[in-house]
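Asks: Sequence plus predicted model, see below.
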There are 2 protein chains.
Amino acid sequence: MDLSEFELIGRIAGKAGGAGRFETGIGDDAAVIRTRGRIVTSVDTAVSGVHFDPDRPAAESARKAIASAVSDIAAMGLGGTPVELLVALGAPRATPDAYLEGLADGVVEAAAEFGAELAGGDVVASPVVFLSVTAIAHVEDEVPVIGRSGARPGDVVALTGPVGGAAAGLVLLGGLEVPDLSDLTRELLITCQVRPEPALAAAPVLARAGAGAMIDISDGLSADLGHIASSSGVSIRLDSSAIPLVAGVREVAAALDQDPLSLAAGGEDYVLGLTMPQDRFAEADSALIEATGFELLAVGSVLDPGETGAAVTLVDERGNSVPAPGGHDHFREPDGPSR
Amino acid sequence: MDLSEFELIGRIAGKAGGAGRFETGIGDDAAVIRTRGRIVTSVDTAVSGVHFDPDRPAAESARKAIASAVSDIAAMGLGGTPVELLVALGAPRATPDAYLEGLADGVVEAAAEFGAELAGGDVVASPVVFLSVTAIAHVEDEVPVIGRSGARPGDVVALTGPVGGAAAGLVLLGGLEVPDLSDLTRELLITCQVRPEPALAAAPVLARAGAGAMIDISDGLSADLGHIASSSGVSIRLDSSAIPLVAGVREVAAALDQDPLSLAAGGEDYVLGLTMPQDRFAEADSALIEATGFELLAVGSVLDPGETGAAVTLVDERGNSVPAPGGHDHFREPDGPSR
């Protein structure tokens, strides 16, 4: 690679917007940014060969890393607020310039796509390519911020979209042939995997509509709802027949000889999971449809912690408990081509 | 490794302080933090085998990663302000639990040492251990923040301490024998490499005393002062005989058959480089001695950009220009055991 660290940072800095709230932008030791009273901040990391495929386009992989970090802001019930990103990039010295430029372009384009500004960067030599992305959102005091601990017994559990698409897309990228799948459905599933959409439009609508707890489905449906259950001191019952699956997920699961819900446990779907009092649901659904065109999908209910043994229980149409496929643990799962 | 991602985050979260400014702390999708009007933020990354030696204690390596990130806050003229840290940790699945626990302990201990709070974490599988650390400082409007662009012709260029120690320590860790070196001096130099001290005490004193531009010497003396020169649109003349070297650096350089100043170009010294009007120097020096016990060390002067061909020129006692050893570029330097 011929690009130096400083050239690469300059390439990103030159394309960064430099919003009015910056006193000092990218390119100094640190950025100086005016705030609105509170910041909401999170870090998310993507490693080549683990979270993205080194053979996919660099800009796509960088966008995915940014999308995942931005999704943590949406998961707090936020969207449309000022957001800054700090991006640490590791890459081997032998990385081709074109790949590095693709990563830089992907970072800049994704920041623009999600309405975020680049506030900092760090480029280091590393045996493997990785991007570690910190997102900082600025939030006025009166804006509701929704954590994981506000689920209450009696609440509805809902999703902002179908799940399982990212895991199904990963399997398809791995080479699985599924004859029943149309080319369009196949592409849709792969898009779920490589081009996730943070729910920035839905999140603030649902926060204002009374969501008590919210999370993005990044680790897997049961695992993430389990985080809400444990943070809130409740248990959650999911109705297996109500869980919405992306078109084609059933066919991919059949080709794998697996329960379709095992693909919903794959994570990276980046829809929102949330809880809300029953009497707020209809109005929230209307508000979501008006804002995004999509329905709010009820998938279960919040129970007292004592009512079931586990944080999350999956029940079938007859109310019988069925085993919930496990969630995603970045350390424990078997090695795979792209996770 | 038996520790799961969630257990490792929990281990860090359980030890995190949770200062009063947190509405939501570590363990949710994002932290929610009350601010003081402005944030100052930066990211810094350390990769095993590049920035720290995998055979050194894990806690020491984690502390070094945190120190380097915190030093970027000091480089803005800040110290004693509230600071949060977000730490992304990558590690191979086969990493021993004891090493991971050491990293987690090092993160928690270093945060406490530097008066910072942990606001977020991310743990991912990676072929190599790395820590990417984002630091966020909260700064009231009336507190001066010192960037790189405020150097003016006629200013003094100064350092808060001697340089070259970290590079000399790295060479000693690499196995170089230097018979002239006492055991104590040897240990001091190695300490410079493995246990850097961010200049959090000196930085705000010098900011208040009139520093115009400031940077931490992380990439190497000439490279970092070159950043000030280019950001400020000036050139800098360094008096080679005035550059303070850590005790033992000359002996290590002699054993390497190198100019001692080449070790000052090695970076990672984490003292501050700054510029200041001549007439503020004496008072700033007194204030620094009172606050830290250390003198402010004048090493050169700021010139008009036209006066020399290069951003940074090194001159000897007779005013003759001498070649300045190059700075540190994380991508361009040859592969080494620990950078």
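Replies: Sure, I can see it.
Asks: Grab the nearest non-local neighbour of the residue nearest the centre of chain A.
Replies: In chain A, the residue lying closest to the centroid (C-alpha atoms, centre = their mean) is A:Y270, at 3.4 Å. Take A:Y270 and drop its neighbours on the chain: the residue closest to it by C-beta to C-beta, 6 or more residues apart in numbering or on different chains is A:P196, 4.3 Å away. Using the backbone N, CA and C atoms, a C-beta is placed for each residue, glycine as well.
Asks: residues near that neighbour, how many?
Replies: 23 (other C-beta atoms under 10 Å in any protein chain shown).
Asks: Now do the contacts for it.
Replies: Residues counted as contacts of A:P196 (C-beta atoms under 8 Å, 6 or more residues apart in numbering or on different chains) are A:K64, A:A67, A:S68, A:S71, A:A166, A:E268, A:D269, A:Y270.
Asks: Next, work out how far apart it and A:A264 are.
Replies: Between A:P196 and A:A264 the computed distance is 15 Å (C-beta to C-beta, to the nearest Å).
Asks: sorry, back to before: what about the residue nearest to A:Y270, which SS state?
Replies: Using DSSP: H, G, I helix; E, B strand; the rest coil as the criterion, the local structure at A:P196 reads coil.
Asks: By mean pLDDT, flag the weakest helix or strand of chain A.
Replies: Least confident helix or strand of chain A, by mean pLDDT, DSSP states H and E, is helix A:5-15 with a mean of 61.
Asks: Mind telling me which residue of the stretch 151-300 of chain A is nearest chain B?
Replies: A:I215 (6.1 Å; C-beta to the nearest C-beta).
Asks: ok, that residue - how many residues close by?
Replies: For A:I215, the tally of surrounding residues (other C-beta under 10 Å) stands at 27.
Asks: and whichever strand or helix holds it, what does it pack onto?
Replies: For A:I215, the element it lies in under DSSP states H and E is strand A:213-216. Helices and strands touching strand A:213-216, as assessed by 3 or more C-beta pairs under 8 Å, 6 or more residues apart in numbering or on different chains; DSSP states H and E, comprise helix A:58-74, helix A:202-208, helix A:221-232, strand A:272-276.
Asks: how does chain A divide up, domain by domain?
Replies: The record's domain parsing of chain A by automatic domain parsing lists A:5-139, A:156-322.
Asks: hey, least reliable of those by pLDDT?
Replies: For the domains of chain A, the bottom mean pLDDT is recorded on domain A:5-139, which sits at a mean of 89.
Asks: what's the offset of that one from the middle of its chain?
Replies: Distance of domain A:5-139 from the chain centroid (C-alpha atoms, centre = their mean, to the nearest Å) equals 15 Å.
Asks: Repeat that for stretch A:279-294.
Replies: For stretch A:279-294, the distance to the chain centre is 21 Å (C-alpha atoms, centre = their mean).
Asks: Now look at the strand or helix carrying A:H138 and say if it contacts chain B.
Replies: Here A:H138 sits within strand A:130-139, counting by DSSP H and E. Yes. In this structure, strand A:130-139 sits against chain B according to C-beta under 8 Å from any C-beta of the partner chain; the contacting residues are A:F130, A:S132, A:T134, A:A135, A:I136, A:A137, A:V139.
Asks: tell me which element A:A253 falls in.
Replies: With elements taken from DSSP H and E, the one containing A:A253 is helix A:249-256.
Asks: residue contacts, the residue in the stretch 101-250 of chain A that chain B sits nearest to?
Replies: Across the stretch 101-250 of chain A, no residue is closer to chain B than A:S132, which sits at 3.6 Å (C-beta to the nearest C-beta). Residues in contact with A:S132, defined by C-beta under 8 Å, 6+ apart, are A:V43, A:D44, A:T45, A:A46, A:V87, A:A88, A:G90, B:V43, B:T45, B:A88, B:D122, B:S132.
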